[in-house]
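**Q** curious how this folds, go ahead:
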Amino acid sequence: MNIIKIGGVPEHFNLPWHLTIEDGSYAKNNIQLEWIDFPGGTGAMCEALRKQEIDIAIILTEGIIKDIIDGNPSKIVQEYIQTPLIWGIHVDANSQYYDISSLENTKVAISRYGSGSHLMSYINAQNQGWDTTTLQFEVVRNLNGAVEALTNGTADYFMWEHFTTKPFADNGTFRRVADCPTPWPCFVIAVREEILTTKEKDIRVILEIINSTTTDFKKIPSIDKTLSNRYEQQLEDIQKWLQLTEWSQSDIAQETLYLIQKQLYSLNIIDRKVDPKTLIFEF
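**A** Sure thing, here's the model as predicted:
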């Protein structure tokens, strides 16, 4: 068996991976695909790729682009989710802040620097016309850390995926004041260059299996109930999320890579723009 380690957030987007691991799809092809959850999100996965702790990451597009430019020896092999990620903007339920405009010049909780919650705070600030050079951050590592920070007042707001965070809004922990969708496809599949060199055939097989599954994922009988149960989400929320979400089996467009780099560069998140071909691996 060829062991390949894959990481992703413990969220509903990644159920196709768990289903294909559980049904033995990879094992039948002499691949032992080992899943590792990353509650800390994209920043934690970038670090794990660099440390060779994982071989593949299901990762936010803007986050891995920044990290590859910053020297992460990985490549994007394809899109995974072609629709935007809807970032909810949350405050403590007892907060004095009731609308997004009141959050200007307050402190934002982020999982870590270089994470989606960090990068999207800049996108949101730009959308609101705020001075992005004055943003203040509190590193909280994950969703539980954000609950603690917002509750004790060490941070004022937190951006995280709308539906994952909705139970915290429903139970009175958070109040969501707005949403901020990414202006591009949200998740891609990234692979360490060393693995692409030494195990390209295995990566091809893995992509064929996951793409075959995501093509018909929404047609799986009672998939909404399965998602609701496994991720402890209200059924109506999962049904709405399924309507908004489209999986991809395609290469990421060069135009998309140009667009994201242009936005990140304008916010001083990256210090240079590169040829999109240096960010991707073409089989």
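**Q** please enumerate the helices of this protein.
**A** Ranges of helices in the chain, per DSSP state H, are 15-22, 42-50, 61-69, 116-128, 143-152, 162-170, 193-198, 200-215, 223-230, 235-244, 254-266.
**Q** a markdown table for those, including mean pLDDT and distance to residue 273?
**A** Using the backbone N, CA and C atoms, a C-beta is placed for each residue, glycine as well. Compiled in a markdown table, these are given as follows (pLDDT from 0 to 100; distance: least, CB to CB, whole Å):
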| stretch | mean pLDDT | distance to residue 273 |
| --- | --- | --- |
| helix 15-22 | 98 | 31 |
| helix 42-50 | 96 | 19 |
| helix 61-69 | 97 | 8 |
| helix 116-128 | 96 | 16 |
| helix 143-152 | 96 | 31 |
| helix 162-170 | 96 | 30 |
| helix 193-198 | 98 | 20 |
| helix 200-215 | 98 | 27 |
| helix 223-230 | 98 | 38 |
| helix 235-244 | 97 | 30 |
| helix 254-266 | 96 | 4 |
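**Q** residue 110 is nearest to which of those helices?
**A** Taking CB to CB, helix 116-128 is the member of the helices of the chain nearest to residue 110, at 4.2 Å.
**Q** one step back: out of the helices of the chain, which is closest to residue 85?
**A** Nearest to residue 85, of all those, is helix 116-128, at 7.5 Å by CB to CB.
**Q** show me the one of the helices of the chain that comes nearest residue 95.
**A** The minimum distance between residue 95 and the helices of the chain falls on helix 143-152, with 7.4 Å, by CB to CB.
**Q** list the buried residues in the closest one.
**A** 143, 145-147, 149-150 (16 or more other CB atoms under 10 Å).
**Q** and which of the residues you listed is nearest residue 47?
**A** Closest to residue 47, out of all of those and judged by CB to CB, is residue 145, at 16.2 Å.
**Q** next one: stretch 27-47 to chain centre, how far?
**A** Averaged C-alpha coordinates place stretch 27-47 at 13 Å from its chain's average position (CA atoms, centre = their mean, to the nearest Å).
**Q** fine, thanks again, bye for now.
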